[in-house]
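>>> need a 3D model of the following:
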Amino acid sequence: MLINMVLTENDLSYKQCSLTVMDNIADPDIRFDAKGICNYAKEFYQNFNENIPSDGQKKLEQLIDNIIKDGEGKPYDCLTGISGGVDSSYMIMKAKEWGLRPLIVHFDNGWNTEVAVRNINNIIQKTGFELYTLVVDWEEFKDLQLSYIKSGVVDLEVPTDHAIYATWLKLAKKFNIKYILNGNNYLTESIMPPSWIFNKTDAVNLLAIHKKFGTKKLKTYPIIKPSQQILYNYMIKASVIRPLNLIQYNKTVAKEELKKNFDWVDYGGKHYESFYTKFYQAYILPQKFKIDKRKAHLSNLILSKEISREEALAQLKLPLYSSQELKTDKEYFIKKLGISNDFFEKYIHAPQVSHSYYGEQKLLLDAYPFLRPLRPIYRLYKKR
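The predicted model follows:
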């Protein structure tokens with residue numbers, strides 16, 4: 001399925017939310033009420049109490065107690081990832097304060113910035129936590145990333161995110177870890193249009209894209225298939241927990257605390273600790289898909305009262321790239337992937353292709369008919 005997006009701010013049909021900075025350029029499926037308030041703002045407030053419980057401190061204390069008790073006699077009582085970014089770094093800082101013993105997991109996909117590496121080293125050195133770094137064969141991983149570029153789909157982060165998720169679960173199985181702490185949080189990451197992303201755990205879609213466009217076998221790349229997900233979800237019962245939802249998380253405050261405690265260095269935009277993510281979000285998404293992710297990121301901060309709408313609108317007027325920086329980063333991106341400038345320009349101007357065009361992974365209970373009697377148990381488990 002080919003998708004073309006041509007709406008601009010000069011069109012009469014252009015609309016922007018009256019509370020956030022979300023609009024119908026980046027998300028044609030956005031909805032507005034009579035007051036011009038978008039569905040994302042309304043959903044944020046409707047789901048706030050469910051995601052940010054009033055008794056968060058009590059639940060946090062109980063969670064910490066459960067993690068420590070479950071970890072008795074084990075080398076680690078939990079697991080968490082690190083990218084060098086603010087959320088994952090702050091999650092680790094809090095784990096240290098709470099007296100937890102996490103195994104820290106990092107995926108070196110070949111695109112780390114120097115700032116990210118420095119931040120990771122500082123945090124590991126000062127916490128004393130053990131670091132597990134997943135390193136896959138670069139030529140193999142590059143081939144997978146190129147497959148996604150050739151496919152024309154929107155979510156070019158799936159290869160990285162899937163590997164991280166798969167590694168988390170495999171390490172949880174290896175060390176019998178029941179708790180995976182995730183730095184994702186409702187206040188700064190609840191707004192994300194479905195059309196901007198894809199299911200990171202979908203191995204069917206990933207393998208189909210690589211089969212069609214890839215040239216190398218995935219020998220070192222970790223994949224979590226449906227059958228393995230059943231094993232982890234129903235036998236090992238490893239749970240992904242988001243503890244930052246149980247505290248008064250403020251990204252600005254978090255950055256200051258990280259700078260003070262770990263000599264942490266800010267890297268600019270959200271997730272710009274990865275060069276690949278920076279170029280993807282600051283150039284590929286807006287140029288090819290007409291998506292400016294700053295609109296979602298800033299809208300979250302508006303609704304969580306970290307910044308005003310006027311401040312967000314002012315930030316959106318700033319260029320994503322300076323001309324010289326773009327030239328340097330574009331040349332590096334093209335050279336590292338081993339593609340030509342002509343290939344890249346044709347890719348940028350080619351129509352988008354839906355992920356579903358290549359096939360999707362069914363829900364586990366639908367993929368395996370013999371498990372359908374477990375549907376009521378599955379629904380109950382999903383509500384936990």
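>>> dump the helix or strand residue 258 falls within to CSV, restricted to CA.
Using DSSP states H and E, residue 258 maps to helix 251-262. Only the C-alpha atoms of helix 251-262 are listed here, as CSV (Å, rounded to 0.1, in the frame of the first residue of the first chain):
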residue,chain,number,x,y,z
LYS,A,251,12.5,15.8,32.4
THR,A,252,14.1,19.2,33.1
VAL,A,253,14.8,18.2,36.7
ALA,A,254,16.0,14.8,35.7
LYS,A,255,18.6,16.3,33.4
GLU,A,256,19.9,18.6,36.2
GLU,A,257,20.2,15.7,38.6
LEU,A,258,22.0,13.6,36.0
LYS,A,259,24.5,16.4,35.3
LYS,A,260,25.1,16.8,39.1
ASN,A,261,25.5,13.1,39.9
PHE,A,262,27.0,11.6,36.8
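>>> per-residue confidence averaged over it?
Helix 251-262 carries an average pLDDT of 95.
>>> and that helix, what's buried?
Along helix 251-262, the positions that meet the burial threshold by neighbour count (16 or more other Cβ atoms under 10 Å) are 251, 254-255, 257-258, 261-262. Every C-beta, even on glycine, is put in place using the N, C-alpha and C of the backbone.
>>> quick check: residue 89 is in a strand.
No. For residue 89, which was evaluated using DSSP: H, G, I helix; E, B strand; the rest coil, the result is helix, with no strand membership.
>>> isn't it up against residue 82?
Yes. Under the criterion of Cβ atoms under 8 Å, residue 89 makes contact with residue 82 at 6.7 Å.
>>> could you check the pLDDT of residue 233?
Looking at residue 233, its pLDDT stands at 71.
>>> ok, and what's touching the helix holding residue 258?
Contact with helix 251-262 is made by 86-87, 89-90, 93, 119, 122-123, 126, 188, 264-266, 301, 306, as judged by Cβ atoms under 8 Å, 6 or more residues apart in numbering.
>>> please flag which of those sit within helices.
With helices taken from DSSP state H, the overlap with the contacts of helix 251-262 comprises 86-87, 89-90, 93, 119, 122-123, 126, 188, 301.
>>> with the residues you listed in mind, which one is nearest to residue 211?
Checking those against residue 211 by Cβ to Cβ gives residue 87 as the nearest, at 33.5 Å.
>>> how far away is the closest residue to the closest one other than its chain neighbours from residue 304?
Take residue 87 and drop its neighbours on the chain: the residue closest to it by Cβ to Cβ, 6 or more residues apart in numbering is residue 183, 3.6 Å away. Distance check for residue 183 against residue 304: by Cβ to Cβ, to the nearest Å, it reads 15 Å.
>>> these two: who's more crowded?
In this comparison of residue 183 against residue 304, neighbours counted by other Cβ atoms under 10 Å, the higher total goes to residue 183 at 24 against 19.
>>> ok, the spatially most central residue of the chain - contacts?
Taking Cα atoms, centre = their mean as the criterion, residue 161 is the residue nearest the geometric centre of the chain, at 6.7 Å. When the contact criterion is Cβ under 8 Å, 6+ apart, the partners of residue 161 are residue 200.
>>> low-confidence ranges, the stretch 201-350 of the chain, go.
268-272 (pLDDT under 70).
>>> so for the helix or strand harbouring the residue nearest to the centre of the chain, what gets flagged as buried?
Applying DSSP H and E as the criterion places residue 161 in helix 158-175. Counting neighbours by 16+ other Cβ under 10 Å, one finds that the buried residues in helix 158-175 are 158-169, 171-172, 175.
>>> after the helix holding residue 258 comes which helix or strand?
Per DSSP H and E, helix 251-262 leads on to helix 275-279 as the next helix or strand towards the C-terminus.
>>> list the helices and strands that following helix packs on?
Taking 3 or more Cβ pairs under 8 Å, 6 or more residues apart in numbering; DSSP states H and E as contact, the helices and strands that helix 275-279 lies on are helix 323-337.
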